[in-house]
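A.B. asks: Below is the structure, and that's it, no one-letter string:
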């Protein structure tokens, strides 16, 4: 696990979709480990494309047109190894394997992928911000909701799969930022620099809303690489792209830009870093002061947009935190804007689709974790959704695994009682729950799925009279005996 930034520090796990020969976001090596397989890139974020570059060869990569263009122009991937999949169109990859791409409501080009493998359906969300509209406005997802239990598994973006991550509505965060820009920059009598910290790609919705409020003299100051990426994005208007000015962040600006209203877009981490072990932002006021001086500004407003800074203790309705420099001329606003799904978003998505199982793609592993520790972390994440999966389909699946039966077939093994199977081997590695048939580890004494006891007590509850008699007998036994009686 390597850290790209604090919002995406939990690296997504490479996944191979069962029986499809397709590996998703598996670019941890410079060349494919399995050249005979097909690879798939869900979106253009560094923690997903990782080591992908001009050295990639032999294996084909599935992606949509926006991601393909960025992979070619920014990473130098040869177009010969890219297969462009149209959005919202069932696309045949090989015999009995089709894929269907849906907008993931994340960054430009990000896709949720539905896999049709023979008669099985799998969903890989990549990184996404789930919503009801996402399901209702798509024919494939909405039809899957009606056929309860049809998705065999959802490979879920579990970045915020914890009840404490109750993120505010993204639209409200964008509105708050644009209103701040209106009040503090456009309506101010002072010259104010507005700074937004972003990734190489991501948070464009914030910039779009700010651009809508800009006057004719408004410009975006960006690095050369950031400018290249923004100019390649299909969702940005030509007017937005005309406002881009490529500058060296450490040097003074050209004379023509000093009279404009500047919005500086800086790389993630440039304006400061989050303190390890918590989410307190340690601002680099020296760097921000230099930016302010470069544009002859008197004040600076900085936006740090990430869901990790959300705090219920904040006085703000949206959980926004604010800090200032000692001089008071630099204000930093940590806004819990995220392009990942909140805990409630994730639960609602799973609840509506009712899959047979949920597989987390983001788990907070440490390098020092043992295999058992990693397994336990995965279980803790999946347990957040255990009450939402289709237990009927899971039960049938577990029964088939336990008794070796095929779908819709009755075998001789299926006639064997569960108790006989459970008692057949003392050294078995797992046991099936009597209530829901979930296969649990042998060391567990409660079912992980339904929390039933492995060995339910067969003793009858005692009446109050019998309990009192039993108590008196135990008290009499506890009384000391006299020496004379003991001699007799």
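C.D. replies: In hand now; what should we look at? It should be emphasised that the depicted structure is a prediction, and the values quoted were computed from it without experimental measurement. Numbers count the residues shown, from 1 in each chain.

A.B. asks: what secondary structure does the closest residue to residue 105 other than its chain neighbours sit in?
C.D. replies: Nearest residue to residue 105 in three dimensions, chain neighbours excluded: residue 129, at 4.4 Å (C-beta to C-beta, 6 or more residues apart in numbering). In this view, the C-beta of every residue, glycine as well, is placed from N, C-alpha and C. At residue 129 the chain is in coil, as set by DSSP: H, G, I helix; E, B strand; the rest coil.

A.B. asks: residues in contact with residue 129?
C.D. replies: Contacts for residue 129 (C-beta atoms under 8 Å, 6 or more residues apart in numbering) come out as 104, 105, 106, 170, 338, 339, 340, 341, 345.

A.B. asks: Quick one: mean pLDDT for stretch 382-402?
C.D. replies: Taken as a whole, stretch 382-402 has a mean pLDDT of 73.

A.B. asks: With stretch 247-258 instead?
C.D. replies: pLDDT averaged over stretch 247-258 gives 61.

A.B. asks: when you give positions from now on, start the count at 30
C.D. replies: I'll keep to 30 as the first residue from here, and by that count the last item is stretch 276-287.

A.B. asks: So residue 149 sits against residue 125, correct?
C.D. replies: No: Residue 149 lies out of contact with residue 125 (C-beta atoms under 8 Å); the separation is 9.7 Å.

A.B. asks: the more surrounded of the two?
C.D. replies: In this view residue 149 and residue 125 are compared by other C-beta atoms under 10 Å, and residue 149 has more residues nearby, 17 against 13.

A.B. asks: Identify the residue nearest residue 219 in space, chain neighbours excluded?
C.D. replies: Excluding its sequence neighbours, the residue lying closest to residue 219 (C-beta to C-beta, 6+ apart) is residue 327, at 4.4 Å.

A.B. asks: What pLDDT is listed against the one you found?
C.D. replies: Predicted confidence (pLDDT) for residue 327: 93.

A.B. asks: Pretty sure residue 227 sits against residue 296.
C.D. replies: Yes: look at residue 227 against residue 296 with C-beta under 8 Å: they come within range, at 7.5 Å.

A.B. asks: Return every residue with contacts to both of these two.
C.D. replies: With contacts taken as C-beta under 8 Å, 6+ apart, the residues that reach both residue 227 and residue 296 are residue 255.

A.B. asks: quick one, which of the two is more surrounded?
C.D. replies: Neighbour count, other C-beta under 10 Å: between residue 227 and residue 296, residue 227 has more, with 20 against 16.

A.B. asks: Next, the contact list for that one, please.
C.D. replies: Residues near residue 227 by C-beta under 8 Å, 6+ apart: 233, 235, 236, 255, 294, 295, 296, 297, 334.

A.B. asks: Just the ones in helices from the residues you listed, please.
C.D. replies: Among the contacts of residue 227, DSSP state H puts 233, 235, 236, 255 in helices.

A.B. asks: Can you tell me how far the second one is from residue 242?
C.D. replies: Okay, so that is residue 235. Applying C-beta to C-beta, to the nearest Å, the value for residue 235 to residue 242 is 11 Å.

A.B. asks: which one of the two has more residues nearby?
C.D. replies: The neighbour comparison of residue 235 against residue 242 (other C-beta under 10 Å) goes to residue 235, with 22 against 14.

A.B. asks: Contact partners for the more buried one?
C.D. replies: Residue 235 sits next to 203, 206, 225, 227, 332, 334, 366 when contact means C-beta under 8 Å, 6+ apart.

A.B. asks: taking those residues one by one, which sit in helices?
C.D. replies: Judged by DSSP H, those include 203, 206 as members of helices.

A.B. asks: which of the contacts of residue 235 sit farthest apart?
C.D. replies: Greatest spacing in the contacts of residue 235, by C-beta to C-beta: 203 and 227 (13.3 Å).

A.B. asks: now the helix or strand hosting residue 315, how far from the centre of its chain.
C.D. replies: Using DSSP states H and E, residue 315 sits in helix 314-323. Helix 314-323 sits 34 Å away from the centroid of its parent chain (C-alpha atoms, centre = their mean, to the nearest Å).

A.B. asks: Buried residues of that helix, list them for me.
C.D. replies: 314, 316, 317, 320, 321, 323 (16 or more other C-beta atoms under 10 Å).

A.B. asks: Now render those as a markdown table, adding distance to residue 194.
C.D. replies: Formatted as a markdown table, those follow (distance: C-beta to C-beta, whole Å):
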| residue | distance to residue 194 |
| --- | --- |
| 314 | 29 |
| 316 | 29 |
| 317 | 28 |
| 320 | 31 |
| 321 | 34 |
| 323 | 37 |
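
A.B. asks: so which of those comes closest to residue 262?
C.D. replies: residue 320 (24.2 Å).

A.B. asks: Quick check: the gap between the closest one and residue 312.
C.D. replies: With distances taken as C-beta to C-beta, residue 320 is found 12 Å from residue 312.

A.B. asks: immediately after the helix or strand where residue 95 lies, which helix or strand?
C.D. replies: According to DSSP H and E, residue 95 maps onto helix 94-102. For helix 94-102, the succeeding helix or strand toward the C-terminus, using DSSP H and E, is strand 111-113.

A.B. asks: what comes into contact with that next one?
C.D. replies: Residues from elsewhere that reach strand 111-113, judged by C-beta under 8 Å, 6+ apart: 67, 89, 90, 91, 92, 93, 94, 97, 100, 101.

A.B. asks: do that again at 6 Å, thanks
C.D. replies: 89, 90, 91, 94, 97 (C-beta atoms under 6 Å, 6 or more residues apart in numbering).

A.B. asks: same question, stretch 367-382
C.D. replies: So stretch 367-382 is contacted by 135, 158-159, 164, 173-174, 180, 188-190, 192, 194, 196, 336, 387, 414, 417 (C-beta under 6 Å, 6+ apart).

A.B. asks: Pull out the buried residues from it.
C.D. replies: For stretch 367-382, a neighbour-count test (16+ other C-beta under 10 Å) marks 367-372, 374-379, 381-382 as buried.

A.B. asks: so which of those residues comes closest to residue 169?
C.D. replies: Closest approach to residue 169 among those (C-beta to C-beta): residue 382, at 10.9 Å.

A.B. asks: What pLDDT does the model give the closest one?
C.D. replies: The score at residue 382 is 95. That number is its pLDDT.
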